[in-house]
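J.: Here is a sequence together with a model predicted from it:
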Amino acid sequence: MKEIKGPAIFLAQFISDKPPFNNFKDICHWASNLGYKAIQLPTSNSDLFDLEKAAQSQQYCDEVTGIAADAGLTISELSTHLQGQLIAVHPAYDEMFDNFAPQAVKGNPAARTVWAKEQLMLAAKASQKLGLKTHATFSGALLWHTFYPWPQRPQGLVEQGFAELAKRWLPILDCFDEMGVDVCFELHPGEDLHDGVSFERFLAATNNHPRVNILYDPSHFVLQQLDYLAFIDIYHERIKAFHVKDAEFTPNGRSGVYGGYQNWQDRPGRFRSLGDGQIDFKSIFSKLTQYGFDGWAVLEWECCIKHPEDGAKEGAEFIKQHLIRPTDKAFDDFSRAETDTQRNNRILGIK
């Protein structure tokens with residue numbers, strides 16, 4: 001068995017225009033002082049991290065890793081969640097998702113898709129220069145508006161949608177393959193890849209591409225009422241990244257999984273800070289360790305109640321307490337007998 005690394009923290013929800021969250025050096029020292037050992041680095045804010053420069057310059061990548069190392073940190077993964085979302089956007093969501101795009105391509109879906117693909121290609125090259133082996137992203141969605149089958153989906157629609165999604169991703173996946181980096185899709189409502197079955201559909205549509213892998217985040221499965229422990233048993237070979245995020249689901253007589261368009265605090269399904277929700281992280285860490293996951297346990301803070309800085313402070317210790325040092329021997333080794341073929345034959349009744 002291998003050992004999960006941690007604690008790490010995803011910086012996306014903490015970046016702001018106020019110190020220490022407004023520059024890379026200071027936010028690294030903030031994270032390190034809380035006890036984190038690694039950072040998952042978003043690539044959509046060039047003031048924090050210049051993705052295009054990183055893809056082109058080994059010197060710049062060395063400077064970035066040097067700043068992190070000076071704070072006692074390493075980089076766990078780069079993240080292109082926002083850019084990955086823009087690989088596939090249904091027209092119903094065009095205006096809302098334009099918020100994730102630069103001004104030059106807003107209002108131009110075709111140009112926006114081209115830009116997003118270029119961003120993912122840059123991320124593959126930057127990851128290679130940074131010495132990273134995994135990358136975190138979203139798949140985007142062409143079918144999400146049809147997730148509930150009313151009106152009935154036309155025959156062949158789902159297959160055609162996944163074929164198109166795969167067509168858009170295959171050149172990107174090949175680029176990541178060339179760079180030796182796994183693409184880890186966070187399975188997330190709003191994305192066409194949001195559960196095990198949809199992941200399987202995409203995997204098949206990409207001809208089981210070896211770089212198609214999973215960023216495991218149990219919070220999204222709680223909100224879908226999916227068995228997040230059985231998921232590990234089924235898909236552990238493809239789980240290459242891990243968001244440690246808590247959640248709770250408490251249905252009532254007024255709303256359930258769909259939430260009734262309510263604000264997060266009022267929804268039956270809510271994201272919470274680590275330890276404040278319902279997720280059985282002891283079992284998660286045990287299963288991932290059992291199956292040999294040796295990636296980073298990365299805090300993602302999205303609590304609808306607790307202050308982010310408090311969630312980050314508590315989260316470092318929470319993850320640290322859940323890390324498991326794998327055993328190097330069996331508990332009953334003290335009674336083990338050496339191999340003796342004749343004795344074994346006698347025990348088996350073999351003459």
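T.: Structure received.
J.: Tell me, how many residues neighbour Val158?
T.: Other residues within reach of Val158 by the criterion other C-beta atoms under 10 Å amount to 16. Glycine gets a C-beta too; all of them are placed from N, C-alpha and C.
J.: my read: it touches Leu142, true?
T.: No. Val158 is beyond contact range of Leu142, at 10.1 Å (criterion: C-beta atoms under 8 Å).
J.: Report the buried residues of the lowest-mean-pLDDT helix or strand in the chain.
T.: Least confident helix or strand, the chain: helix 341-348 with a mean of 90, by mean pLDDT, DSSP states H and E. Across helix 341-348, burial judged by 16 or more other C-beta atoms under 10 Å covers no residue at all.
J.: how about the CA coordinates for that helix, as CSV?
T.: Written as CSV, here are the backbone C-alpha positions of helix 341-348 (Å, rounded to 0.1, in the frame of the first residue of the first chain):
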residue,chain,number,x,y,z
THR,A,341,5.3,-28.4,1.9
GLN,A,342,5.1,-31.7,3.8
ARG,A,343,3.3,-30.1,6.8
ASN,A,344,0.9,-28.2,4.4
ASN,A,345,0.1,-31.6,2.8
ARG,A,346,-0.7,-33.1,6.1
ILE,A,347,-3.0,-30.1,7.0
LEU,A,348,-4.7,-30.5,3.7
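J.: tell me the centre residue of this protein?
T.: Nearest to the geometric centre of the chain sits Leu215, at 3.2 Å (C-alpha atoms, centre = their mean).
J.: separation between Asn207 and Gly6?
T.: Noted for Asn207: a distance of 34 Å to Gly6, by C-beta to C-beta, to the nearest Å.
J.: Between these two, which is the more surrounded one?
T.: Per other C-beta under 10 Å, whichever of Asn207 and Gly6 has more neighbours is Gly6, with 24 against 10.
J.: The more buried one belongs to a strand?
T.: Yes. Counting by DSSP: H, G, I helix; E, B strand; the rest coil, Gly6 is found in a strand.
J.: wait, it sits on Ile39?
T.: No. Counting by C-beta under 8 Å, Gly6 does not reach Ile39; the two are 11.7 Å apart.
J.: Can you show me the strands along the stretch 101-250 of the chain?
T.: With DSSP state E, counting those that start in this stretch as the criterion, the stretch 101-250 of the chain has strands at 134-137, 182-186, 212-216, 239-244, 246-249.
J.: Need those in JSON lines (columns: distance to Gln278 and mean pLDDT).
T.: Below are the strands of the stretch 101-250 of the chain laid out as JSON lines (distance: least, C-beta to C-beta, whole Å; pLDDT from 0 to 100):
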{"stretch": "strand 134-137", "distance to Gln278": "24", "mean pLDDT": "98"}
{"stretch": "strand 182-186", "distance to Gln278": "20", "mean pLDDT": "99"}
{"stretch": "strand 212-216", "distance to Gln278": "17", "mean pLDDT": "99"}
{"stretch": "strand 239-244", "distance to Gln278": "14", "mean pLDDT": "98"}
{"stretch": "strand 246-249", "distance to Gln278": "5", "mean pLDDT": "98"}
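J.: Of the ones you listed, which stretch is the most buried?
T.: strand 134-137 (a mean of 28; mean count of other C-beta atoms under 10 Å).
J.: So which residues of the stretch 251-351 of the chain form strands?
T.: 269-272, 296-299.
J.: Show residues contacting the last one.
T.: Meaning strand 296-299. 4-10, 36, 38, 40, 76-77, 241-245, 274, 285, 311-312, 315-316, 319, 322-323 (C-beta atoms under 8 Å, 6 or more residues apart in numbering).
J.: go on, stretch 193-202?
T.: 138-139, 144, 147, 158, 162, 165-166, 169, 185, 187-188, 192, 212, 214, 220-221, 224, 226, 231, 234-235, 238.
J.: For ChimeraX, what selects the buried ones among those residues?
T.: Only the buried entries of these go into this ChimeraX selection, using 16+ other C-beta under 10 Å:
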select :138,139,144,158,162,165,166,169,185,187,188,192,212,214,220,221,224,226,231,235,238
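J.: Among the contacts of stretch 193-202, which ones are in helices?
T.: Of these, the ones assigned to helices by DSSP state H are Val158, Phe162, Leu165, Ala166, Trp169, His220, Phe221, Gln224, Phe231, Ile234, Tyr235.
J.: Distance to Ile15 for the strands of the stretch 101-250 of the chain - can I get that in TSV?
T.: Formatted as TSV, the strands of the stretch 101-250 of the chain follow (distance: least, C-beta to C-beta, whole Å):
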stretch	distance to Ile15
strand 134-137	16
strand 182-186	18
strand 212-216	19
strand 239-244	17
strand 246-249	21
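J.: so which of the ones you listed gets nearest Asp266?
T.: Asp266 lies closest to strand 246-249 among the strands of the stretch 101-250 of the chain, at 13.0 Å (C-beta to C-beta).
J.: Sheet-wise, list the partners of the closest one with their directions.
T.: strand 269-272 (antiparallel) (DSSP bridges).
J.: in the partner strand, what's buried?
T.: Buried-residue list, strand 269-272, by 16+ other C-beta under 10 Å: Gly269, Arg270, Phe271, Arg272.
J.: could you show me where the helices are in this protein, in order?
T.: Counting by DSSP H, the chain has helices at residues 24-33, 51-56, 58-70, 81-85, 94-97, 109-130, 157-179, 196-205, 218-224, 228-235, 281-290, 308-322, 341-348.
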